[in-house]
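Colleague: how would this look folded up:
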Amino acid sequence: MPQIEYKVGDHVVYPHHGAGKVMKREVRERFGAKREYLTIKILHNDMTVMVPSENAGKAGLRRVIGEEAVVRVLSVLRDDVSQMPKNWNRRFKHNRDKIKTGDVFELAEVVRNLAIREADKGLSTGEKQMYTRAKKILASELMYALEMEEEGAEEHLDSLIEEAHSQRNGAAMAAK
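Modeller: Have a look, this model is predicted:
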């Protein structure tokens, strides 16, 4: 994996936490070794994470998606539900593994599948928490990608999910 150079002010995504901004780059001594660290402020939960620069790629750090990827994310949200395990325990692990990849399209797929499942059958408590977290992470990235305010990004994502759901239901009704 090629080493990506991040600058202060870059908008990045840290898979488990969402989108944030590189606040500083600094060399620190830890355990007798000097390393450069990136300090990233995760926007949606006021958290700060420090990532060793040379491990940023391994940790899944990446730049916020561009316009073309936003279009693809929106089409993933509009797609039909993909195959998921029926057993909620396996489904939970399946979705958690997809979120862990840090891939925005996998994340959008999890958000879409959980949204559809919630509308059709409801979600377990664990899945509800996962859905809320996955939506926050996705909204935080869309916020930067679409240059929106935080609240605006979450509302925008909710309306996209709602719109996609009604389109799917409309198509299902038309098919009957």
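
Colleague: where along this structure do the helices fall?
Modeller: For the chain, the helices defined by DSSP state H occupy 67-78, 88-100, 104-120, 125-145, 150-175.

Colleague: in a markdown table: those, plus mean neighbour count, mean pLDDT and distance to residue 54.
Modeller: C-beta here means a position set from N, CA and C on the backbone, and glycine is covered the same way. Below are the helices of the chain laid out as a markdown table (neighbours: other CB atoms under 10 Å; pLDDT from 0 to 100; distance: least, CB to CB, whole Å):
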| stretch | mean neighbour count | mean pLDDT | distance to residue 54 |
| --- | --- | --- | --- |
| helix 67-78 | 15 | 92 | 26 |
| helix 88-100 | 15 | 92 | 21 |
| helix 104-120 | 21 | 93 | 24 |
| helix 125-145 | 20 | 93 | 24 |
| helix 150-175 | 14 | 79 | 31 |
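
Colleague: got a list of what residue 144 touches?
Modeller: With contact set as CB atoms under 8 Å, 6 or more residues apart in numbering, residue 144 has these partners: 11, 19, 64.

Colleague: drop anything exposed from the residues you listed.
Modeller: Buried residues within the contacts of residue 144, counting neighbours by 16 or more other CB atoms under 10 Å: 11, 19, 64.

Colleague: so the second one sits right up against residue 141, yeah?
Modeller: Read that as residue 19. Yes: if you go by CB atoms under 8 Å, residue 19 and residue 141 touch, sitting 4.4 Å apart.

Colleague: what is in contact with the two at once?
Modeller: Common neighbours of residue 19 and residue 141 (CB under 8 Å, 6+ apart) are 13, 64.

Colleague: show me the buried ones among the contacts of residue 144 that map onto strands.
Modeller: 11, 19 (DSSP state E).

Colleague: between the buried ones among the contacts of residue 144, which is nearest residue 131?
Modeller: For the buried ones among the contacts of residue 144, the closest approach to residue 131 (CB to CB) belongs to residue 19, at 18.1 Å.

Colleague: quick one, domains of this protein?
Modeller: 11-63, 67-175 (automatic domain parsing).

Colleague: could you dump those domains into a markdown table and include distance to residue 4?
Modeller: Putting those into a markdown table (distance: least, CB to CB, whole Å) gives the following:
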| stretch | distance to residue 4 |
| --- | --- |
| domain 11-63 | 6 |
| domain 67-175 | 13 |
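
Colleague: cool, thanks, talk later.
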